[in-house]
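*Asks:* Coordinates for the following, if possible.
(one chain, ligands or ions: 1)
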Amino acid sequence: MNATNGSTESTHAHYLSDACQQLGYGQEVYELLLSPARELHIQLPIRKDDGSIVLFNAYRVQHHNARGPYKGGLRYHASVDINEVRGLACLMSLKTALLELPLGGAKGGINCNPDSLNSRELERLTRCLVEKLHRNIGPTQDIPAPDVGTNEQIMAWILDEYTKIYGYNPAVVTGKPLVVGGSHGRKEATGRGACQVIANYAKHHNMPLEDCTVVIQGFGNVGRYAAFFLDALGAKVIAVSDSQGAIVNHDGLDVAAAIHHKDSVGTVSGTANCDIIDNASLLALPCDFLIPAALGGAINSANVDAIKAKVIVEAANAPVSWTANDILAQRNVPIIPDILASAGGVTVSYFEWVQNLQFVSWSLDQVRDALDQRLAQACRQVFELADEQQLQMRSAAYRIASERLKDAIFAAGI
Ligand code: GLU
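*Replies:* Numbers count the residues shown, from 1 in each chain. Model (predicted):
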């Protein structure tokens, strides 16, 4: 069972391989769990507003659907390629299995820089994607959602384009705006989920949250909501960063002011009563919880030795490379893995899908309660297995998820 380099794809192959070995599965089961069912590579020719034609490469990898329809986000980013999407699709199958959602795993993306496209161009690109992909998605087939570089607006365009072909069926995509069938609490869900997972971990380890300090790398949709909810629970958020800079206040940041500054100026850098630091220094700050909430590979072999956090919480997908993971394991630094810490988003996507299939709407309190309960149950299962078998939390989570996925594949029959 080999996984040789540090890409997103092989990161998960490495952990999956370990889980299969621990579970006593042979090479054939490992390959069955790792290999995607279908990979689509689509070209999207777009006319920009200046008249020029640009060709974009898009991908959708459908990993497994033994436990339910393929499910996973769409990423618009310059790093998107087939290897990245393939690794992230596998991660989605494990995430839905760990949270016991009746869904499979998929991921898609367009290799582009969304900041270089205006809103009309982004809309044309998204509609072109649906034009090429509509036969392969659908409420019981494959349900896209937001990810890095995509948002509610893009999901609304997907729904509209799909509706033109098949009629109104809001369950084809999640993460939509409320006015077109979105769910209360979906936008905040990944950040809230990371916060709830930390609260469960802190309780399990008798760490009063009011005494805990938090550092967050990334202040997009995930990081800002994680900061907001942790602050509300009494934790002290001492530093946050975005792609343009990082800020620190050792007495605790004014989180609302940082959010306001980001919304009005485009960056957290410059928020009142904070010192400006660089991203490398932010990652090296001593703290109880360090939350990488941006892109994959943020903590890697080049910077792992500087990490002083007591616990790392993967609110992004694959933010710790497996080389860094192994070094942190040797140093006994616990990592709450992405398939648990970043699972809030897909969990509320599942609630949105359920609401859409029944044409009902849940209140924000209903959504939050249901999310908190699901996460608490998954945390309990992971923490108990990790304690019982003296495993890292990632190994425990991968074991639970791999076993569920394998059981479903075999129950359905090869
Ligand atoms: N992109 C998010 C993730 O990686 C959400 C996926 C979804 O809601 O389907 O978990």
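*Asks:* pLDDT value on Glu9, please?
*Replies:* With respect to pLDDT, Glu9 has a value of 55.
*Asks:* give the contact list for the nearest residue to Gly104 once chain neighbours are set aside.
*Replies:* For Gly104, ignoring the flanking residues on the chain, the nearest one in space by Cβ to Cβ, 6 or more residues apart in numbering is Asn65 at 3.8 Å. C-betas here are computed from N, CA, C, even on glycine. By Cβ atoms under 8 Å, 6 or more residues apart in numbering, the contact set of Asn65 is Ala37, Gly104, Asp142.
*Asks:* likewise Thr267?
*Replies:* So Thr267 contacts Asp242, Ser243, Gln244, Gly245, His261 (Cβ under 8 Å, 6+ apart).
*Asks:* how about Asp372, what does it touch?
*Replies:* Residues near Asp372 by Cβ under 8 Å, 6+ apart: Gln196.
*Asks:* Then it would be within a helix, right?
*Replies:* Yes. Assessed by DSSP: H, G, I helix; E, B strand; the rest coil, Asp372 belongs to a helix.
*Asks:* Model confidence for it, exactly?
*Replies:* So Asp372 comes in at 98 (pLDDT).
*Asks:* what do you get for Ser264?
*Replies:* Reported pLDDT for Ser264: 96.
*Asks:* did I read that right, it in a helix?
*Replies:* Yes. Under three-state DSSP, Ser264 sits within a helix.
*Asks:* give me the number of residues near it?
*Replies:* The number of residues packed near Ser264 is 8, by other Cβ atoms under 10 Å.
*Asks:* that older thread, neighbour-wise, which one of the contacts of Asn65 leads?
*Replies:* Highest neighbour count within these, by other Cβ under 10 Å: Gly104, with 26 neighbours.
*Asks:* worst-scoring helix or strand of this structure, pLDDT-wise?
*Replies:* For the chain, the helix or strand with the lowest mean confidence is helix 8-23, at a mean of 88 (criterion: mean pLDDT, DSSP states H and E).
*Asks:* what about it, near the ligand?
*Replies:* No. Helix 8-23 stays clear of the ligand (Cβ under 6 Å from any ligand atom), getting no nearer than 11.7 Å.
*Asks:* Report all helices and strands that that helix contacts.
*Replies:* Packing partners of helix 8-23 (3 or more Cβ pairs under 8 Å, 6 or more residues apart in numbering; DSSP states H and E): helix 27-34, helix 82-98, helix 322-330, helix 393-412.
*Asks:* The same query, at a cut-off of 7 Å, please.
*Replies:* Secondary-structure packing of helix 8-23 (3 or more Cβ pairs under 7 Å, 6 or more residues apart in numbering; DSSP states H and E): helix 27-34, helix 82-98, helix 393-412.
*Asks:* what angle do the longest one and helix 27-34 make?
*Replies:* Okay, so that is helix 393-412. Computed with axes from the mean of the first three to the mean of the last three Cα atoms, to 10 degrees, the direction of helix 393-412 lies at 100 degrees from that of helix 27-34.
*Asks:* Tell me the residues of the protein that contact the ligand?
*Replies:* Residues of the chain lying near the ligand (Cβ under 6 Å from any ligand atom): 71-73, 95, 145, 147, 174-175, 317, 342, 345-346, 349.
*Asks:* can you count the residues close to the residue in the chain positioned nearest to the ligand?
*Replies:* Per Cβ to the nearest ligand atom, Gly73 is where the chain lies closest to the ligand, at 2.7 Å. Gly73 has 25 neighbouring residues, counting by other Cβ under 10 Å.
*Asks:* Tell me the residue in this structure that is farthest from the middle.
*Replies:* Gly51 (35.7 Å; Cα atoms, centre = their mean).
*Asks:* Show the contacting residues for the residue of the chain closest to the ligand.
*Replies:* Gly73 makes contacts with Lys107, Pro144, Ala145, Pro146, Asp147, Thr150, as judged by Cβ atoms under 7 Å, 6 or more residues apart in numbering.
*Asks:* which stretch of helix or strand covers the closest residue to the fifth one other than its chain neighbours?
*Replies:* To tie it back to what came earlier, the one meant is Asp147. Leaving aside its chain neighbours, Asp147 sits nearest to Gly73 (2.9 Å; criterion: Cβ to Cβ, 6+ apart). Assigned by DSSP states H and E, Gly73 belongs to strand 70-77.
*Asks:* between that strand and helix 82-98, how many degrees?
*Replies:* Relative orientation of strand 70-77 versus helix 82-98 (the same axes, to 10 degrees): 140 degrees.
*Asks:* so how far is strand 70-77 off the chain centroid?
*Replies:* On the basis of Cα atoms, centre = their mean, to the nearest Å, strand 70-77 sits 10 Å off its chain's mean C-alpha point.
*Asks:* quick one, helices of the protein?
*Replies:* Along the chain, the stretches classed as helices by DSSP state H are 8-23, 27-34, 82-98, 119-133, 152-166, 189-204, 221-232, 255-265, 279-283, 322-330, 338-341, 344-358, 364-389, 393-412.
*Asks:* Which among those is found nearest to Phe56?
*Replies:* Shortest distance between Phe56 and the helices of the chain, using Cβ to Cβ, is found for helix 119-133: 6.4 Å.
*Asks:* what are the pairing partners of the lengthiest strand in the chain, and which direction each?
*Replies:* The longest strand of the chain (DSSP state E) is strand 53-64. Using DSSP bridges, strand 53-64 pairs in its sheet with strand 38-47 (antiparallel), strand 105-111 (antiparallel).
*Asks:* got those as a markdown table, with mean pLDDT columns?
*Replies:* Shown next, in a markdown table, are the strands paired with strand 53-64 (pLDDT from 0 to 100):
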| stretch | mean pLDDT |
| --- | --- |
| strand 38-47 | 98 |
| strand 105-111 | 98 |
